[in-house]
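Asker: Mind folding the following:
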Amino acid sequence: MVRAMTDLQRTLVLLKPDAVRRGLAGTILARYEAKGLAVVAMEFRHVDAAMADRHYADHVEKPWYPPLREYFTSGPLIALVLEGTSAVEVVRLMNGVTNSVVAAPGTIRGDFSLSNRENLVHASDSEQSAAREVALWFPNLA
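Answerer: Purely as a prediction, here's the structure:
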């Protein structure tokens with residue numbers, strides 16, 4: 001089946017420091033690829049506090065943000081852009097809910113994580129967020 005170009009979406013995915021530290025990056029990436037999502041861009045990065053603040057701009061003033069920033073900058077991560085039909089929704093469903101303790105089995109968080117903060121992956125939550133996040137992390141694709 002050939003997909004119409006208008007059906008394609010791009011979304012940002014971050015394999016967070018705990019995914020990299022635990023050696024799960026390949027396993028997680030394989031799940032996205034097996035689903036039929038294409039990797040458009042991928043980069044191994046060390047993120048500083050300024051980049052964390054830009055990424056999580058809506059949360060910087062929240063009382064729970066400083067520990068999140070510390071975790072997010074605690075080690076390297078892998079930033080990637082995935083493309084496919086309904087990519088934003090598909091990736092979020094594959095990831096599972098943010099709180100890994102209650103994430104459904106079969107999801108990435110449900111199968112591999114037991115934390116609300118160290119929950120392995122980030123994915124854009126809407127097409128608008130995806131456009132903003134892709135432009136932030138991969139300005140050459142914007």
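
Asker: My guess is Asp125 contacts Arg92. True?
Answerer: Yes. Between Asp125 and Arg92 there is a contact at 6.7 Å, judged by CB atoms under 8 Å. The C-beta positions use only the backbone N, C-alpha and C, and glycine is treated the same way.

Asker: which of those two has more neighbours?
Answerer: Neighbour count, other CB atoms under 10 Å: between Asp125 and Arg92, Arg92 has more, with 19 against 13.

Asker: buried residues in the host helix or strand of the more buried one?
Answerer: According to DSSP states H and E, Arg92 maps onto helix 87-95. Within helix 87-95, the residues that count as buried by 16 or more other CB atoms under 10 Å are Ala87, Val88, Val90, Val91, Arg92, Met94, Asn95.

Asker: Got the confidence number for the last one?
Answerer: The one in question is Asn95. Turning to Asn95, the model gives it a pLDDT of 98.
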